[in-house]
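1. What follows is a predicted structure for the sequence shown.
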Amino acid sequence: MVTLFLRQDTRIGSPIGSPSPAFQARGIVVALSCKTAGPLIRGWMVTALLALLQPFPCAAGADSSGPPEILSLFPLGGRPGEEFQGTLRGRGLEGARRLWFDSGGVRATVLGVRNEDGPKPEETPQSDAEAKPVQLLDLRIQVDPAARPGPRGLRAITPGGLSHPLTFHVHAEPGHLESPASHDLASEAQTLPEWPLAVHGTIGQPAEVDYYAFSVAAGERLRFEVRSLALSDMAISLYQPAGSWFSPDRARRLAFSDEPVSYPELSTEPVLSYRFGEAGRYLVRVSGFMGEGGPDHPYLLQISRDSDEQNGKASGSATIGSGRDLWQERSWTRELRTDRMEALRARTASPPRPPSDPEPAGEDQAGTRETPRPEAIPVVELDEAPDEASKAVVVTLPSLLAGTIEHPGDVDRVRFAAKVGDRIALEIETPRATVPVFNPYLKMVDAEGAEVLTNVHSILNANTEIEKQIRPKVIHSFPRAGEFTLEIRDITAAFGGPSMAYRVLIRPQVPHMGQVHLEEDHLNLVAGTATPLSLVTDQEEHFEGSIALSLAGLPPGVTAVAGTQAAPDAPPAVNEGRKERYVSRSRKATLVLVAAADAPATPVPVPVTVMAQPVEEGRLGRRTPVKDLLLMVVAPAATSAQAAMKPVEKNGPERDNERVSPD
Amino acid sequence: MSKHAPCLSRRLIVSLLTAGFLLIPALPSAAGAEPTSPDPLSLRLAPEKTTLRWKGASQQFSVVATLAGGREKDVTARARFSLADPGVARLGSAGRVTSAGEGETTLEVTFGSLKARAAVVAVDSARLPPFSYEREIGAILTRRGCNDVACHAGVKGQGGFRLSVNAAHPRQDYGWIVKGGVYQVLTDEPGGPIVPRVDTEAPERSLLLRKPSLEVAHGGGLRLEKGSEDYRVILDWIGRGAPYREGNRESLPKVEGLEVFPREGLLQEGGSRQLIVTALLSDGAREDFTHRVRFESKQQEVADLDGQGLVRALNPGESNILVRGAGYEVQSRIGVVAEWIPDYPELPRANFIDDEVFAKLRKFNILPSPLSGDGEFLRRVCLDLTGRIPPAGRVREFLADPDPRKREKLIEVLLDSPEFVDYWTFRLADLFRVAVFPVGINPKWSQSYWEWIRDAVARNRPYDRVAEERISAQGYSPASRHYLPYLVLPPPENMMGEEVRVFMGRRLDCAQCHDHPYERWTQDQFWGMAAFFGSMFRLGANPESVVFDSPDGREVAADVPSPTELRVLHPRTGQEVVPTLLNGARVSYDGPGFPRGEMARWITSHPYFAEASVNRFWSYFFGRGIVDPVDDFRSNNPPTHPELLRRLAEDFARNGYDLRHLFRRIVSSRTYQLSSAVNPTNRADRLNYSRALSRPLDAEILLDAICDLTGVPETFGNWLHKKKGRGGPPRGTRAVQLKETDIYQSTFLDTFGRPNRFSIPERDGKSNLTQALHLLVGSTYNDKLWTEGARVHELFQGGASDAEIIQELYLAAFSRFPEPEEVEELERLIAGTASREQALMDLQWGLITSREFAENH
């Protein structure tokens, strides 16, 4: 295991989330000097001496076949106890051995691979990958009788490695396959035999829609949900095939759902609940957004009786598989709990609480004093608080404020005192409706009513336009003492209701290690090559320490060493406003994964965990898992590919670097 | 010959169908409509008294005879005038009297056996009046149209030369003339070069004379004939040094208003009437200004003027005559009636619409056309309520139905139909501007906005609620998407202008830069309203942008210096403007809601909202608004039927702003159900709803109708995001069902006037050459005929006879059976061609290219 320490990066504002162009090119690795972790190495980059290591060829592209790319799966799910044939559509599927599911209850056996016949529906290839032939992987899928309904991450394993995931849904309803006959007119609707039912279909062509007919009793409330792949954005419509004066085939639309929100954290899957006032035959239509369709647009239409607890439940695509962030700092939906202070302190390397701490540390079962007793943050319910500004609830820090914007224009207020130099953090959670539907707006004013702080971040962009973003976290240092009022409202003053609930944690700042960002959710390492892994660590609330990064669970023959990467030049915004209040500072790091030439290939993905450990003034904090990823070691490709895998010459990386430079 | 090329038979078919269109039976002449000329009962001279002050002062008189029934007739031109003392005044032509000496006399007028008198007083008859720029030069500029808003009184002036409307601000005008300079919109400071427009050394070289007399190029054309009296007056004035005033300033009173006589008048078709304009002076005196003002008829097909105030009645109807001068504007409402119809029939009425419309028709001696035939009504009401032509089977059924209440029943069926939802969603999507292009190519937003409209129509949501929701839209709500046509919010004044125009029918735009020239809207009012939109922000980046208003009207998180101030500043004063309603009420941010929401409620509860709404929707059924253009309510564009407008608005409001109720009310009226056939009394009428006016079908409706008739649906391409596997709308989608028309390729729709919705779409329905070419060789008109499964193919393959096919096509296209002579002629024509199939195709082509098909009548 290699531990990489990072030094304070004084630059802020570098974008995260997009891999360096250099890394997208063929493995460019810049060797760093390695240094044993000393007690106090703050301020210095400690590097691994890659120069001492055997030079390795780059990983990506070393295997000419490369990792598989999976495009779609049909059917998209199955019922517990069912066994059926399915087809995975993709590229680079030669030699596919198996499918890998991220949780239990589903197995798939590869029956064979074949090239897709017929004309390709795709447009002109946009990339080399798209120019590869499309293949079909025939599968036998078995869903365990005891499998719990829900999504599963599914990946293909080939000699080239592991694919990205698709979602397979285990559903409780009986399955039903769309028949191949055209049914894109109401008059051609395919009749569904019953419900509850899970219909497996495909919007096979652009502009295609699929009509299904079903019957219900009067007063029945049904729930319709469509699951589809990331490429698709489906919509559901309900119709009564009553005909019209103009046409007996005309159906009357009763309801429609196409989630209008296009927001990173929210699903675009439609869900529709409808109560049928009259018994009879009705139609449900599945369609793609803007007429999108093609072989990679399969869907799963679930029809079930709606229940009260389901009613109003938002459709969501569960986070599946690896790649999850195990800590979320700046998300609207992370849970703010009463032990938040302890959770934050656990991400520091601060010394133990001094004896003068009013809250004595607890003892664990073994009678030691290793772990302080969690400090429970008091919860202040604001729904019952008076609306008048003059009667704002007085709170002390920390406090967890819980309330609801009950009606349009509703404003909840608390008052608190602060001393000069006090540093506070405000964290906001939206447990039900969230941004952009509910946009919590926090404003802190002083005793004179002057604005001190908001959670709206303004910048002046390159087009000299003001851009404003609300942020789920904001920090502030008080330049003067006084009594302050915090106002909480929806920024629109036009909406309110029970779904617009919030939790706001107002607390002293805790300088701590924040979120660690990593683009990849899986890696395919070719034996005898090295692959850089780019990480960005957030330094929250003036955290001045270092963060030691490591990987746990590496398979045999794979090591990780520290590396560096060239930071891309990002044009700064014209004026980034008071960014330090709203956005954490961040540092970048690179771990280079090295697979020895004799590293044994892994038959299945190996779960690897990125670990992070805060370091402050020589003290090491708790080693914390921050992200999972799947890793596979694959053997070098066949002879033709090996020709392209010559060991990198000494000046190879630099030359490559020049070639792929953005300039 | 290509099967797609029109063949010889087409020309014959076209001529036949043209004749067929004219076969719609015409009304017989109104019985007993013989012109009558009853003797006048009394005679009146106007004004009854006048004072002629200064040398050369004159007064125009008007002689009015009152006839039986209370009607009045101007007999000025035929009356005989005489003055008791010619030493005081002398007679001019056509009732004009000019001062001749000091004293008082009597003017007597004789018409037949009737006489009338007026008192004439002449004072200061030997003195010329003190010179005043506004009185002499301003009046000429007004009369010559130089200070009209279309000319130098436009917002930006013309060619850097700016005059106030109707010389409303003579001192400023004088400055621009005598000092010169280039007008700049947002400042009173002149731009360079500052060169006087008069040359007192060589007056004839003055730009003020050379331009309007076309000695040098003038965009406004010839306005002042060289050598004319007005030219001479200006030339003399410049030669005297172009003073603002001369003589005793105190002795010249100011003009404080204008009066016009008559304020309302009724003329016989072909008759005339002299208008008299009187200036009200600051010393209480009155002065004849008839020859110092500018006249304009708002309905020139009804009445026109000779420039000296003589109105000529052309066709039955009403026209407002605008009189502008001395910075003021007054109107005279002139009605023109047809020949008296002594036995005017009692007309059946269905509701108050008929009461109002028929009362006016009676007043103007216009006979309405008879009730439309069932076929005519059926086609019209289907098109107007659903945008569809009725299927042939339904036409047969309806025509054969003996139920006397079948029209009422049909209306209910249509109001409840899914096609009604399609059509009115389309109509509102047009008005509310649902498009992809303007919203930064974000179809998710536009579709969400479209669905909001569709839901409102399907659920029949009260229109005031719809309007309020749109005006006050915030957050990520579908309605808020219309505030994000691009990635930034439009300027507050643009947003306000559109909402007021759509929901109040008023165009405040003129008041953006100056007080509205003709209306009471001031620049302060404009910016007061705009300020309601001034605290709007866009939160977040595309695509999750949220629209919100600052809770306290101040910039939220003003962390960075804003290049564009949040506050709305008055362009002239530079002061921050407080949100202020048109009624002057200020709205603060301290209230329970937010100012824009308050404004939305105010707009939708204001009487303007209901009247503007009913007027707009009325226009969809009659081809023109009661106020037209529908969103241009102003005092000089009055409603043709004010009481009807008031009652419709009241009925709309009383019934919860229910659009279906309004539509039911309209299409149930006999007025709506009148035939489009003309009679001698209403042939020229296009204003009084005396008959149905043929209207060209909008592009989308026409395309759908062609698809229905041919039996071949349209396939639309989607140019947006083809690479993402996106396609067009689902099979069978009709043009009116397209959510955003701009992303679906259609040469046909573009050719026939599909609006781009970048601004409030106004369809003019005018024909153009491209349309004509499209009729001949366009794919829509030709390919569909030959497509497998087309209607004629089916009929042909099914063994239908020529007569059966002709009948089926006529029913489907025109909602009527063909006339026997049409069938006979067409059968003969088909029999005479080598290819029966070709002939039938040509017949169908002839049908879809005919006026009878392409219009709603």
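-> All right, it came through fine. Residues are numbered from 1 along each chain as shown, chains lettered A, B, ... in the order given.

2. interface residues of the stretch 401-550 of chain B facing chain A?
-> B:413-414, B:417-419, B:421, B:442-445, B:447-448, B:451, B:458, B:472-478, B:488, B:537-541, B:543-549 (C-beta under 8 Å from any C-beta of the partner chain). All C-beta spots, glycine's among them, are computed from the backbone N, C-alpha and C.

3. out of those residues, which are buried?
-> Among these, those buried by neighbour count (16 or more other C-beta atoms under 10 Å in any protein chain shown) are B:413-414, B:417-419, B:421, B:442-445, B:447-448, B:451, B:458, B:472-478, B:537-540, B:543-549.

4. So which of those residues sit within helices?
-> Cross-referencing those against helices under DSSP state H gives B:Val413, B:Leu414, B:Pro418, B:Glu419, B:Val421, B:Pro443, B:Lys444, B:Trp445, B:Gln447, B:Ser448, B:Glu451, B:Ala458.

5. helices and strands of chain A: which one bottoms out on pLDDT?
-> Least confident helix or strand, chain A: strand A:30-31 with a mean of 26, by mean pLDDT, DSSP states H and E.

6. give me the number of residues near B:Glu576?
-> 15 (other C-beta atoms under 10 Å in any protein chain shown).

7. so what's the backbone phi/psi at it?
-> Backbone dihedrals for B:Glu576, given as degrees, to the nearest 10, come out at phi -70, psi 140.

8. Roughly how far does it sit from B:Val568?
-> Distance, B:Glu576 to B:Val568, by C-beta to C-beta, to the nearest Å: 7 Å.

9. and what of A:Ser546?
-> In this view, A:Ser546 and B:Val568 are 51 Å apart by C-beta to C-beta.

10. For the residue in the stretch 601-750 of chain B that chain A sits nearest to, which three-state class applies?
-> Among the residues of the stretch 601-750 of chain B, B:Gly727 lies nearest to chain A; the distance is 2.6 Å by C-beta to the nearest C-beta. Under the three-state scheme (DSSP: H, G, I helix; E, B strand; the rest coil), B:Gly727 adopts coil.

11. for it, what are its contacts?
-> B:Gly727 makes contacts with A:Gln205, A:Pro206, A:Ala207, A:Glu208, A:Met290, A:Gly291, A:Glu292, A:Gly293, B:Asn718, as judged by C-beta atoms under 8 Å, 6 or more residues apart in numbering or on different chains.

12. Arrange those in a markdown table, one row each, with secondary structure, neighbour count and pLDDT as further columns.
-> Output for these, formatted as a markdown table (DSSP: H, G, I helix; E, B strand; the rest coil; neighbours: other C-beta atoms under 10 Å in any protein chain shown; pLDDT from 0 to 100):
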| residue | secondary structure | neighbour count | pLDDT |
| --- | --- | --- | --- |
| A:Gln205 | coil | 17 | 91 |
| A:Pro206 | coil | 20 | 90 |
| A:Ala207 | coil | 23 | 90 |
| A:Glu208 | coil | 23 | 94 |
| A:Met290 | helix | 26 | 86 |
| A:Gly291 | helix | 25 | 88 |
| A:Glu292 | coil | 23 | 89 |
| A:Gly293 | coil | 25 | 91 |
| B:Asn718 | strand | 19 | 77 |
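
13. ok, those residues vs A:Ala562, which is closest?
-> A:Glu292 (44.3 Å; C-beta to C-beta).

14. so how far is the first residue of stretch A:293-307 from its last?
-> Start to finish, the residues bounding stretch A:293-307 are 32 Å apart (C-alpha to C-alpha, to the nearest Å).

15. Quick check: B:Pro755 touching B:Ala429?
-> No. Counting by C-beta atoms under 8 Å, B:Ala429 is not a contact partner of B:Pro755; they are 10.7 Å apart.

16. out of those two, which sits in the busier spot?
-> Each of B:Pro755 and B:Ala429 has its neighbours counted (other C-beta under 10 Å); B:Ala429 has more, 24 against 19.

17. Where does the more buried one fall, secondary structure wise?
-> Using DSSP states H and E, B:Ala429 falls within helix B:418-431.

18. by contact count, what packs against that helix?
-> strand A:252-257, helix B:374-386, helix B:443-458 (3 or more C-beta pairs under 8 Å, 6 or more residues apart in numbering or on different chains; DSSP states H and E).

19. Next, the angle helix B:374-386 makes with the helix or strand that the second one is followed by.
-> Okay, so that is helix B:374-386. Per DSSP H and E, the first helix or strand lying C-terminal to helix B:374-386 is helix B:392-400. Using axes from the mean of the first three to the mean of the last three C-alpha atoms, to 10 degrees, one finds that helix B:392-400 and helix B:374-386 are set 130 degrees apart in direction.

20. taking the mean pLDDT, what do you get for helix B:392-400?
-> Mean pLDDT, helix B:392-400: 98.

21. Just confirm yes or no for that helix near chain A.
-> Yes. Under the criterion of C-beta under 8 Å from any C-beta, helix B:392-400 makes contact with chain A via B:Arg394.

22. what comes up buried for that helix?
-> Neighbour-count burial for helix B:392-400 [16+ other C-beta under 10 Å]: B:Ala392, B:Arg394, B:Val395, B:Arg396, B:Phe398, B:Leu399.

23. which one is B:Asn637 nearest to, not counting chain neighbours?
-> B:Val627 (6.2 Å; C-beta to C-beta, 6 or more residues apart in numbering or on different chains).

24. Share the number of residues neighbouring the one you found, please.
-> B:Val627 has 24 neighbouring residues, counting by other C-beta under 10 Å.

25. helix, strand or coil for it?
-> Secondary structure assignment for B:Val627 (three-state DSSP): coil.

26. My understanding was that it contacts B:Asn636; is that so?
-> No. Counting by C-beta under 8 Å, B:Val627 stays clear of B:Asn636, with 11.2 Å between them.

27. which residues are in contact with the one helix or strand A:Arg140 maps to?
-> Taking DSSP H and E as the definition, one finds A:Arg140 inside strand A:135-143. For strand A:135-143, the external contacting residues (C-beta under 8 Å, 6+ apart) are A:78-94, A:96, A:99, A:105-116, A:156, A:170.

28. pLDDT added to the ones in helices among the buried ones among the residues of the stretch 401-550 of chain B next to chain A, as TSV?
-> Shown next, in TSV, are those (pLDDT from 0 to 100):
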residue	pLDDT
B:Val413	98
B:Leu414	98
B:Pro418	97
B:Glu419	98
B:Val421	98
B:Pro443	81
B:Lys444	82
B:Trp445	84
B:Gln447	88
B:Ser448	90
B:Glu451	95
B:Ala458	97
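
29. of these, closest to B:Leu305?
-> B:Leu414 (45.2 Å).

30. Name the nearest residue to that closest one, sequence neighbours excluded.
-> Spatially, and ignoring its direct neighbours in sequence, B:Leu414 is nearest to B:Leu385 (4.3 Å; C-beta to C-beta, 6+ apart).

31. what's the pLDDT at that neighbour?
-> pLDDT for B:Leu385: 98.

32. same deal with A:Pro662?
-> The model reports A:Pro662 with a pLDDT of 28.

33. same check, this time on A:Ile28
-> The predicted local confidence for A:Ile28 is 26.
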